[in-house]
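Q: below is the sequence, then the predicted model.
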Amino acid sequence: MANYRCDVCNMGVTLNCTDCNEPLVNDSITRDDGSSVQVSRCPKCEGKIKSPMCCGQDMTCTVAAA
């Protein structure tokens, strides 16, 4: 399970897929220009969202035991 925390204000979130009820996992995708974007991905349906932001920056991710 991926837990996201803001490095500025220390707020934390844990994300689940509402369709599958699976905890989202941290991942990244590569854009056409070669840059990388952090995403949260459902391991079951493979849906992806842009990882959460807080205080104007991406929240950092740690992986916790399920």
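A: In hand now; what should we look at? Quantities reported herein were computed from a predicted structural model and do not represent experimental measurements.

Q: give the contact list for Cys42.
A: Cys17, Asp19, Cys20, Glu22, Leu24, Val25, Lys48 (CB atoms under 8 Å, 6 or more residues apart in numbering). C-beta coordinates here come from the backbone N, C-alpha and C atoms, glycine included.

Q: quick one: contacts of the helix or strand bottoming out on mean pLDDT in the chain?
A: None of the helices or strands of the chain scores lower by mean pLDDT, DSSP states H and E than strand 60-63, at a mean of 76. Contact with strand 60-63 is made by Met1, Ala2, Asn3, Tyr4, Arg5, Cys6, Asp7, Val25, Asn26, Gln38, Ser51, as judged by CB under 8 Å, 6+ apart.

Q: out of those residues, which end up buried?
A: The neighbour-count test (16 or more other CB atoms under 10 Å) marks Ala2, Asn3, Tyr4, Arg5, Cys6, Asn26, Gln38, Ser51 as buried among the contacts of strand 60-63.
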